[in-house]
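Engineer: build the 3D model from these lines:
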Amino acid sequence: MAPAPLKPSPLKPRLKPSHLKILYVGTLTQYDSALYRAWALERLGQQVIPFDVTSQKTGSLLGKIEFRLSAGPGVWQFNRDLLRAAEQHRPDVMWGDKLLYMQPSTLKKLRSMGIALVNYTIDNPFGPRKDPGWRLYMQCIPFYDLHIVQRDQNVLDYKQRGARDVLKIQTAYEPTLHFPPPPGWSDKDRNREVSFIGSPYDKRSEFLTSLWRNHGLPVSISGADWMWRRALDAETFSALYREGELHLEKYRQGIWRSKINLSFLTHSNQDEFTH
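Structural biologist: Numbers count the residues shown, from 1 in each chain. Sure, this is the predicted structure:
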């Protein structure tokens, strides 16, 4: 696991490079919003050194155990590789994007090198949904210089766990991917009536099923096949699910092709808005 070339942002930087050297550590695939945040920093004129942690996400039995316990060979390898990258590049800032495998000892070593430590996490480690994998993350909270979160409640949660500083920033969009349809787009181009693109958290499956079964509305659902198969009965899944997971331009066009787009807050994660 090591820094790799960052796919350049399709937009040019607004400022002259480079003001800060940022070691950006996160899941930097084209399907993850961490990549778009790295692009945004580049457009602001910062020098971004990508450190992709995609290999942390594995479907193997060992990977699942490591994820739940935040322990194992993958965890130790990640921390060794990150310290090696920091020694090589000597960044001003280490920007971590939801790093579940980070160890407190690694943050202490990075701090001793004079590197400012920033943690950006969209998800809610304190939420009632009780997602797994947060053990090491919780231990690391006091060692970052700044935590960036997206909930008022999280500002209080992080400070109570010893955070030095916490900043709330709402999530945004990536302008090279998320933009309105071209002029002349109309209902003749829209083949999705009442549309939802996403995951079946909370009671979304019951609500969408009711719209179709009890009210006769033409509902279209797209998202992860395995999640929706578990959330819907076989008849409803066959009637409503279509097109699979939609990413990148397919996601944008899925919204364009919808007459009514539905959006839900994830109450089980204490979300205040969605994006």
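
Engineer: what sits against S222?
Structural biologist: 195-197, 241-246, 254 (CB atoms under 8 Å, 6 or more residues apart in numbering). All C-beta atoms are positioned from the backbone trio N, CA, C, and that covers glycine.

Engineer: now, those residues that are in helices?
Structural biologist: The members of the contacts of S222 that map onto helices under DSSP state H are G254.

Engineer: buried members of the contacts of S222 into PyMOL, please.
Structural biologist: If you want just the buried ones from the contacts of S222 in PyMOL, going by 16 or more other CB atoms under 10 Å, the selection is:
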select buried, resi 195+196+197+241+245+246+254
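
Engineer: V194 contacts H215, correct?
Structural biologist: No - if you go by CB atoms under 8 Å, V194 and H215 don't touch, sitting 9.6 Å apart.

Engineer: where do the helices sit along the protein?
Structural biologist: Going by DSSP H, the chain shows helices at 33-43, 61-69, 73-89, 104-112, 135-140, 152-160, 204-213, 225-231, 234-240, 248-256.

Engineer: looking at the ones you listed, which has the lowest confidence?
Structural biologist: Mean pLDDT across those is lowest at helix 61-69; the value there is a mean of 77.

Engineer: for the contacts of S222, could you give me TSV that also reports distance to S105?
Structural biologist: Converted to TSV, the contacts of S222 look like this (distance: CB to CB, whole Å):
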residue	distance to S105
S195	47
F196	44
I197	41
Y241	46
R242	48
E243	46
G244	42
E245	37
L246	41
G254	44
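
Engineer: single out the most deeply packed of the helices of the chain.
Structural biologist: The highest mean neighbour count among those, using mean count of other CB atoms under 10 Å, belongs to helix 33-43: a mean of 20.

Engineer: elements contacting that one?
Structural biologist: Other helices and strands packing on helix 33-43, by 3 or more CB pairs under 8 Å, 6 or more residues apart in numbering; DSSP states H and E, are strand 21-26, strand 47-52, strand 93-97.

Engineer: redo the ones you listed as JSON lines? Include mean neighbour count.
Structural biologist: Converted to JSON lines, the helices and strands packed on helix 33-43 look like this (neighbours: other CB atoms under 10 Å):
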{"stretch": "strand 21-26", "mean neighbour count": "24"}
{"stretch": "strand 47-52", "mean neighbour count": "22"}
{"stretch": "strand 93-97", "mean neighbour count": "25"}
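
Engineer: mean pLDDT and distance to W185 added to the ones you listed, as TSV?
Structural biologist: Putting the helices and strands packed on helix 33-43 into TSV (pLDDT from 0 to 100; distance: least, CB to CB, whole Å) gives the following:
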stretch	mean pLDDT	distance to W185
strand 21-26	98	34
strand 47-52	96	34
strand 93-97	98	34
